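Colleague: below: sequence and its predicted model.
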There are 2 protein chains.
Amino acid sequence: MEKDAYAVIFTSRRGADAEGYGAVADRMEELARAQPGYLGHDSVRGEDGRGITVSYWATEDAVKAWRANAEHLGAQAMGRERFYDWFRLDVCRVERTYGFTRG
Amino acid sequence: MEKDAYAVIFTSRRGADAEGYGAVADRMEELARAQPGYLGHDSVRGEDGRGITVSYWATEDAVKAWRANAEHLGAQAMGRERFYDWFRLDVCRVERTYGFTRG
């Protein structure tokens, strides 16, 4: 990831109410990809319902614009009301990145 | 997480060679917890072998000291040689954190 990009770390646990979750998650992924400054994301959820999603953004303004997107605000409200037992969200500035791929 | 803490995002895919992985991972967790400036970590791995681990550190020096820890350097070498098909590591400064817990 380029230096001075932003990483948003979303750590959560899903609750029992799963109805509609997949459709909302798919739509949010589609919407995020179309946002200005979207650089990519990684998402993993374990069998116990805990998950970590990291999205990467070119600028802080891009993070704020995504957070304030009207359709995303609706999904955030559904997340608090129904989908998640808890979550934490860290907004971070990327200072450096190392990568490794088996040769 | 407190502002100006550091988050290290380790995104990886495990390979087929799993022998000894659990013991090394457990030992690294024990060792990290004992490092100065260690604040906590979250780790999730999915069924497809992809995982995200985020560790949190009080200062950049704490990140560097953990990276340079002799026993950790040995584990890092094993990771590249045997355990991971690929990984990426982002060193980030935490600018702000939001939390939610179902009431």
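Modeller: Yes, it's here. Residues are numbered from 1 along each chain as shown, chains lettered A, B, ... in the order given.
Colleague: A:Phe53 contacts A:Arg14, correct?
Modeller: Quick fix: residue A:53 is Thr, not Phe. No. At 11.8 Å, A:Thr53 does not count as touching A:Arg14 under the criterion of Cβ atoms under 8 Å. Any C-beta I mention is one placed from the backbone N, CA and C, and that applies to glycine too.
Colleague: in terms of neighbours, single out the busier of these two.
Modeller: More neighbours surround A:Thr53 than the other of A:Thr53 and A:Arg14, with 21 against 17 (other Cβ atoms under 10 Å in any protein chain shown).
Colleague: now do the same contact list for the closest residue in space to the more buried one that isn't next to it in sequence.
Modeller: Closest residue in space to A:Thr53, ignoring its immediate chain neighbours: A:Ser43 at 4.1 Å, by Cβ to Cβ, 6 or more residues apart in numbering or on different chains. Each residue near A:Ser43 by Cβ atoms under 8 Å, 6 or more residues apart in numbering or on different chains is listed here: A:51-54, B:52.
Colleague: tell me the one of those residues nearest A:Glu19?
Modeller: Nearest to A:Glu19, judged by Cβ to Cβ, of the contacts of A:Ser43 is A:Gly51 at 17.7 Å.
Colleague: which of the contacts of A:Ser43 sit farthest apart?
Modeller: The widest separation within the contacts of A:Ser43 (Cβ to Cβ) is 10.7 Å, between A:Gly51 and A:Val54.
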